[in-house]
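# Sequence plus the predicted model coming up.
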Amino acid sequence: MSWKWEYAFGAEEVARTAPVGFLAEVELKADELVRAAETLHIHGQAHDGVDPRGGDVIVPGGMFTYQVVVRSERIYVVQITYLGF
């Protein structure tokens, strides 16, 4: 398995209606988070500790909230907030 990111919960529904440019910014930052997690947690599936705390990321037009699940080697985008700025 390799690290990936995906939308979770209601974020997937919001992604269907958000502007394309905003979603492109979210996806760029999510890709960066994947690369960072992949570097930090080389043996993700063997991890038996507590998952690291997720966080909020501000992007042009809004923000998103993510969670890291090391054993699944996933970054989950759990909430998207489009503010239109």
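Done, it's in. Residues are numbered from 1 along each chain as shown.
# In contact with the closest residue to Arg74 other than its chain neighbours, which residues are there?
What sits nearest to Arg74 in space, not counting adjacent residues and going by Cβ to Cβ, 6 or more residues apart in numbering, is Lys4, at 6.1 Å. Quick note: C-beta positions are derived from backbone N, CA and C, even for glycine. Going by Cβ atoms under 8 Å, 6 or more residues apart in numbering, Lys4 touches Val34, Glu73, Arg74, Ile75.
# Same check on Val14?
Gln79, Ile80, Tyr82.
# okay, the worst-scoring helix or strand of the chain on mean pLDDT in PDB with CA atoms only?
One helix or strand of the chain scores below all others by mean pLDDT, DSSP states H and E: helix 11-17, with a mean of 85. Presented in PDB, the C-alpha positions along helix 11-17 are these (Å, rounded to 0.1, in the frame of the first residue of the first chain):
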ATOM      1  CA  ALA A  11     -16.400  16.600   2.400                       C
ATOM      2  CA  GLU A  12     -17.000  14.500  -0.700                       C
ATOM      3  CA  GLU A  13     -20.400  16.100  -1.100                       C
ATOM      4  CA  VAL A  14     -19.100  19.600  -0.800                       C
ATOM      5  CA  ALA A  15     -16.300  18.800  -3.300                       C
ATOM      6  CA  ARG A  16     -19.000  18.100  -5.900                       C
ATOM      7  CA  THR A  17     -20.300  21.600  -5.700                       C
END
